[in-house]
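Participant: Any chance you could fold what I've pasted below:
(2 chains)
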Amino acid sequence: MSPLLVGITVFVLAAFVGFEVISKVPPTLHTPLMSGANAISGITIIGALSAAGLGATPLAQILGLLAVVTATVNVVGGFLVTDRMLEMFKSRSERERPKR
Amino acid sequence: MTTILYLASAVAFIVGLKRLGSPRTARSGNRIAALGMLAAIVITLITEGILNWGVVAGGLVIGAVLGGWAAVRVQMTAMPQMVAIFNGLGGAASALVAATEVVESDMGGLPAETIVTILISMIIGWITFTGSFVAFAKLQGLVPGRPLLFTGQRIVNGLLVVAVIGFAVWAGVTGNETGYWVVAGLALLLGIMTVVPIGGADMPVVISLLNSFSGLAAAAAGFVIESNPLIIGGALVGAAGLILTVQMTEAMNRSLANVLFAGFGTEGATEAATMSDKPVKRATPEDAAITLAYADSVMIVPGYGLAVAQAQHAARELADALEDRGAKVHYAIHPVAGRMPGHMNVLLAEADVPYEQLLDLEQADPQLPQTDVVLILGANDVVNSSARDDPGSPIYGMPIFNVDRAGTVIVVKRSLSPGFAGIDNPLFYNDNTLMFFADAKDALEETVSALRQI
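Facilitator: Prediction:
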């Protein structure tokens, strides 16, 4: 199979896995799901690292640098802010109510 | 070997997303996905034969500092803006990866499939970038949230789409590098032009769609550099965003095309002006406190007004006070309440509301006829009975909370002005509705202190 066909196969299968896994997420978690998914879309950082690390011309290096910066903001910010949000989701038993 | 290691990353993403499906496992799920990402980055740095270490390290440090700073500093009320920006940066990163490929390659000598994927990656990525920043500007109030329309808008946008495709074909066939930059410029413009006419109340749909796009852009970049983890990760995110987009449009009973192209929220405003002359029952903090004090069951319906007023902590204080008096308190959260999917849930979680108290549309609506008091905090369209009763209403058919079936309804609202969509709400004039005109936070604090004196 050509790389393109392999890619298309992988894409379609992964999309179906995504639909299966995510359709069950309750509305309560939609915002963390979205910011977490957004961080995962930062996987493009792999391409960015290669582009910046192997770029031969100054222009390619500048574009690569910008790609690494934007992808890293996406990855680091996305996972951190998702963690920050999820830390706040507590069940009744986990929550200490202040006594008055 | 490298392929197997990358596969482990992809598996971590899938497991992580799966665990994000339940509040108990979500935090570990996010961490598993993050570990998968870290592994992918380390593998790349080791195996790619990186030459320009300075550029790579500089980019990683700058990005990590900016991203970390933003993640720690952002307020929960500003989460929609934050996600909008991150979506945009994700799109930009993918488009930049494709752009580097253009700069580095002899465009005439590339196989056709690479040329096509480069163009798709640039188009999706740049549309995501500018579209997300317009969404950010609307959410932040930097530009008016209402739909910005002008005559011939659809024709201009249609021509833009034709121009993008035309130049893409030309660039691809001739291998002319300038053609690629023209395509990039037009895609940037198209992103702006597409989001500008969409109103602020439709942002849950737009953000979900742009989220999906940021994934598709990553997948497209994966095709360009023939990298499976990008294709898998991108496809997962594309699917996630699409599911949320569909759920949001269903929650508004509208099609995606209607959200994107209709300039919703401009008609109906004149009609509202004529209806507002009808009398309403006004409530003081004391009235609200007395009504709530003797209720056995209370349902709180939060909306965007709660976020604007930063009233989530005050709402929880009132709920605590009512629970101490023996009432059952729940929150009814509409899928499109707020400016992004799940926005209200995050705000209430921040205020320490346990997630068992947060009910969605299907859970809360059947309970309303047995509910003594409904307290509406800055929500409007999601409790608008004209969506149920008036076939002429712009939001007719949208699933709503039928709050008028509860015992008493208290509406906390700054004024009688119609909501974002500009549609008057018959609920406000009902006999069992009390209108409490105030900022949500002030209203709640005053009600709590009045309640303590009963």
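
Participant: switch to C-alpha atoms for all contacts and neighbour counts from now on
Facilitator: OK.

Participant: So which residue is dead centre in chain A?
Facilitator: residue A:40 (1.7 Å; Cα atoms, centre = their mean).

Participant: Work out for me the element that one sits within.
Facilitator: For residue A:40, the host element (DSSP states H and E) is helix A:30-41.

Participant: Give me the distance from the helix or strand containing residue B:259 to the chain's centre.
Facilitator: According to DSSP H and E, residue B:259 maps onto helix B:256-261. From the chain centre to the centre of helix B:256-261 is a distance of 15 Å (Cα atoms, centre = their mean, to the nearest Å).

Participant: Report the rounded mean pLDDT for it.
Facilitator: Mean pLDDT, helix B:256-261: 84.

Participant: Flag every buried residue along stretch B:390-405.
Facilitator: In terms of neighbour count (16 or more other Cα atoms under 10 Å in any protein chain shown), stretch B:390-405 has its buried residues at B:393-405.

Participant: scratch that, stretch B:42-51 is what I was asking about
Facilitator: B:43, B:44, B:45, B:50.

Participant: Quick check: the second one vs residue A:3, distance?
Facilitator: Read that as residue B:44. 20 Å (Cα to Cα, to the nearest Å).

Participant: still on that earlier bit, skip the chain neighbours and tell me the closest residue to the residue nearest to the centre of chain A.
Facilitator: residue B:233 (6.2 Å; Cα to Cα, 6 or more residues apart in numbering or on different chains).

Participant: quick one, what contacts the one you found?
Facilitator: A:14, A:40, A:41, A:43, B:10, B:13, B:215, B:218, B:219 (Cα atoms under 8 Å, 6 or more residues apart in numbering or on different chains).

Participant: Turn the residues you listed into JSON lines, including distance to residue A:80.
Facilitator: JSON lines is the format used below for those (distance: Cα to Cα, whole Å):
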{"residue": "A:14", "distance to residue A:80": "25"}
{"residue": "A:40", "distance to residue A:80": "12"}
{"residue": "A:41", "distance to residue A:80": "14"}
{"residue": "A:43", "distance to residue A:80": "15"}
{"residue": "B:10", "distance to residue A:80": "19"}
{"residue": "B:13", "distance to residue A:80": "15"}
{"residue": "B:215", "distance to residue A:80": "19"}
{"residue": "B:218", "distance to residue A:80": "20"}
{"residue": "B:219", "distance to residue A:80": "23"}
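
Participant: Now, the residues you listed that are in helices?
Facilitator: Counting by DSSP state H, these place A:14, A:40, A:41, B:10, B:13, B:215, B:218, B:219 in helices.

Participant: What is the nearest of those to residue A:26?
Facilitator: residue B:13 (18.5 Å; Cα to Cα).

Participant: That closest one: neighbouring residues, count only.
Facilitator: 30 (other Cα atoms under 10 Å in any protein chain shown).

Participant: same thing with residue A:75?
Facilitator: Residue A:75 has 31 neighbours, counted by other Cα under 10 Å.

Participant: Could you point out which residue ranges in chain B have low pLDDT?
Facilitator: B:263-277, B:417-422 (pLDDT under 70).

Participant: Residue B:161 and residue B:221, how far apart?
Facilitator: Distance from residue B:161 to residue B:221, by Cα to Cα: 21 Å.

Participant: Of these two, which one has the most company?
Facilitator: residue B:221 (35 against 14).

Participant: before we move on, back to that, and the helix holding residue B:259, what does it pack against?
Facilitator: Judged by 3 or more Cα pairs under 8 Å, 6 or more residues apart in numbering or on different chains; DSSP states H and E, the packing partners of helix B:256-261 are helix B:228-251.

Participant: In stretch B:291-304, which of the residues would be classed as buried?
Facilitator: Residues of stretch B:291-304 classed as buried: B:291-293, B:295-304 (neighbour count, 16+ other Cα under 10 Å).

Participant: nearest to chain A, of those residues?
Facilitator: Looking at the buried residues of stretch B:291-304 and their distance to chain A, the nearest is residue B:302, at 13.5 Å (Cα to the nearest Cα).

Participant: Quick check: bridge partners of the closest one?
Facilitator: Counting by DSSP bridges, residue B:302 is bridged to residue B:377.

Participant: Spit out the contact partners of it.
Facilitator: Counted by Cα under 8 Å, 6+ apart, residue B:302 has contacts B:331, B:332, B:333, B:337, B:344, B:376, B:377, B:378, B:379.

Participant: which one of those residues has the most neighbours?
Facilitator: Most surrounded of the contacts of residue B:302: other Cα under 10 Å gives residue B:344, at 31 neighbours.

Participant: quick check, that one in a helix?
Facilitator: Yes. Under DSSP: H, G, I helix; E, B strand; the rest coil, residue B:344 falls within a helix.

Participant: Quickly note the distance from it to residue B:382.
Facilitator: To residue B:382, residue B:344 is 13 Å away according to Cα to Cα.

Participant: cool, and residue B:215?
Facilitator: Taken as Cα to Cα, the span from residue B:215 to residue B:382 is 30 Å.

Participant: follow-up on the earlier one: go through the helix holding residue B:259 and flag the buried ones.
Facilitator: In helix B:256-261, counting by 16+ other Cα under 10 Å, buried: B:256, B:259, B:260.

Participant: re the thing from before, anything in contact with each of residue B:344 and residue B:382?
Facilitator: With Cα under 8 Å, 6+ apart, residue B:344 and residue B:382 have common neighbours residue B:337.

Participant: Neighbour count: residue B:215 and residue B:382, which is higher?
Facilitator: The neighbour comparison of residue B:215 against residue B:382 (other Cα under 10 Å) goes to residue B:215, with 40 against 25.

Participant: helices or strands next to the host helix or strand of residue B:67 in the packing?
Facilitator: Secondary-structure assignment from DSSP H and E places residue B:67 in helix B:53-73. Under the contact criterion of 3+ Cα pairs under 8 Å, 6+ apart, helix B:53-73 touches helix A:45-54, helix A:58-72, helix A:78-88.

Participant: Kindly recompute the last result at 6 Å.
Facilitator: If you count contacts as 3 or more Cα pairs under 6 Å, 6 or more residues apart in numbering or on different chains; DSSP states H and E, helix B:53-73 packs onto helix A:58-72.

Participant: got a list of contacts for the helix it packs on?
Facilitator: Residues from elsewhere that reach helix A:58-72 (Cα atoms under 6 Å, 6 or more residues apart in numbering or on different chains): A:42, A:45, A:48, A:51-52, A:55, B:59, B:63-64, B:89-90, B:93, B:96, B:100.

Participant: helix/strand/coil for residue B:298?
Facilitator: Per three-state DSSP, residue B:298 ends up strand.

Participant: Show me which residues of chain B sit near chain A.
Facilitator: By Cα under 6 Å from any Cα of the partner chain, the residues of chain B that approach chain A are B:18, B:21, B:27, B:50-52, B:56, B:59, B:63-64, B:67-68, B:71, B:86, B:89-90, B:93-94, B:96-97, B:100, B:215, B:218, B:230-237, B:239, B:341-342, B:345, B:349-350, B:354-355.
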